[in-house]
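# dropping a prediction and its sequence here:
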Amino acid sequence: MGPKFSFLLVLIAAIVLSSCDLNSFPADPLPTVPPSVQEDITLLRSLSPYYMSGYSIIQPGVTLTIEPGTEIIADHQNCRRDEFGSCATLIVSKGGYIIADGTPEEPIVFTSENQSRGDWGGIVVNGNAPCNTGPDTEPLAQTGPYCGTDPADSSGVIRHVIVEYAGAIAIDSSLHYPSSIALHGVGNRTLVEHVHATTSDYNGITMVGGTVDVRYALATCASENGFAWQDGWQGRGQFWISQQCNERADSGIFGASVTPWGDDLNTEPRSNPTIFNFTLLGSPDREAGREGIELTLGTGATLVNGIVFNHRQKGFWINDPESCVFIEDGSITVSNTYFASNERDFTNRCGENALFEATGSVVGTSNILENPFSLSNPNLMLNVQGREFPVDPSAATLEWFEPATYIGAVGDEDWTTPLRATRE
């Protein structure tokens, strides 16, 4: 090899290296989720992991299918909260479909390469079900219009899915809540169950209007609320767990009907979900977090067979006096629910203990779970005392709900184990 040729090779190598950002992600090219999904595609387990940067939008009439065991890694380096579209976010357009149907053995995982709170936006699903903000509501985050007139609308399937380190959509969070999983005007033919939203920089799972039902849902270490609803959500929930961490937290459940403050609380449809079998846990050392349940701004709610335990402030809180009328007219009820070890188990601006006198829920002093204090390996099954707590059996007679002969979200088999074990 002559000296001129050797020099030429060195020069070419230098040019190639100088054009590469050695700190960029991914270091090796990965298959990518396209910024605009304009035809039906499938993300294959055999090609996993996939890389996602900026908004990836599933267009109307198009289906994105994700095989069990697939991992999607979100870019965090280009996520700037003051710039719409910069944070990696999977967006299902109104009329689009996602089929993310994992299995207990092979859940689908959305994560980030940095693995820090708020690295990326999360999953946003825009549906065609009613909201009290009107059809084709436009979000501040420019993630596409949502809401319509079809309560039975379907946006697909999200099952056996884990979403980590999300909640960073660049928006004014006083009017809209970024979440690991955000369901905007989603209809009740959409299947959402066996999901784990963890380490979000805002909410874990949020329902914004719509009628979608959510079952077997786990929200851990959210910096704001484990579960939240607003703008006329009228769906159902069962087997919900919110577990707060020691760093940051707000409420296990936050429910509202209108946003922002000052709107007519009776705007239709009013938020009025029915939720059976929930377990809401404050942070183990009670240094973070506020309420177990906070209801406000006109929401109704039927809450049955729950456990609200170890919150730094209130177990149950109605924080605006205008919503007190909804206790009086029966729009807000809590029954067969155990409150214990919260700083104040029940308080509102409607008269102390009024709700409990009407519904028979119990304020106790004992822990009725096997081991609720571990963040990495909790046991949320009932102990001997918990198994004796009276249960409202009406779920067995209601459409969609599963029969459960216990309070709280976990019976004799811990359904959360597959959703937690994958990440240890």
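The structure has been received and is ready for your questions.

# need the three-state assignment for the closest residue to residue 346 other than its chain neighbours.
The shortest distance from residue 346 to any non-neighbouring residue, by Cβ to Cβ, 6 or more residues apart in numbering, is to residue 316 (4.7 Å). For glycine as for every other residue, the C-beta is placed from the backbone atoms N, C-alpha and C. For residue 316, the assignment made with DSSP: H, G, I helix; E, B strand; the rest coil gives strand.

# residue 316 reaches residue 348, doesn't it?
Yes: using Cβ atoms under 8 Å, residue 316 makes contact with residue 348 at a distance of 7.5 Å.

# who's more crowded, these two?
Between residue 316 and residue 348, residue 316 has the larger neighbour count (other Cβ atoms under 10 Å), namely 29 against 21.

# tell me the contacts of that one?
Contacts for residue 316 (Cβ atoms under 8 Å, 6 or more residues apart in numbering) come out as 291-293, 295, 308, 334, 339, 345-348, 355.

# repeat the analysis, applying 7 Å as the threshold.
292-293, 308, 334, 339, 346 (Cβ atoms under 7 Å, 6 or more residues apart in numbering).

# does the residue positioned nearest the centre of the chain lie in a helix or a strand, and which?
A centroid search over the chain (Cα atoms, centre = their mean) returns residue 205, at 1.5 Å, as the residue closest to the centre. Under DSSP states H and E, the secondary-structure element containing residue 205 is strand 203-208.

# what's that strand packed up against?
Counting contacts by 3 or more Cβ pairs under 7 Å, 6 or more residues apart in numbering; DSSP states H and E, strand 203-208 packs against strand 179-184, strand 213-220, strand 227-230.

# adding mean pLDDT, write the ones you listed out as TSV.
Shown next, in TSV, are the helices and strands packed on strand 203-208 (pLDDT from 0 to 100):
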stretch	mean pLDDT
strand 179-184	96
strand 213-220	98
strand 227-230	96
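
# residue 382 bridge partners, please.
Counting by DSSP bridges, residue 382 is bridged to residue 369.

# burial of it, as a residue count?
Residue 382: 22 surrounding residues under other Cβ under 10 Å.

# what sits against it?
By Cβ under 7 Å, 6+ apart, the contact set of residue 382 is 368-369, 406, 408.

# give me that answer again for 8 Å
Contacts for residue 382 (Cβ under 8 Å, 6+ apart) come out as 368-370, 389, 406-408, 410.

# of those residues - the most surrounded one?
residue 408 leads the contacts of residue 382 on contacts (other Cβ under 10 Å) with 29 neighbours.

# tell me the spacing between that one and residue 390.
Using Cβ to Cβ, to the nearest Å, we find residue 408 at a distance of 13 Å from residue 390.

# what of residue 280?
19 Å.
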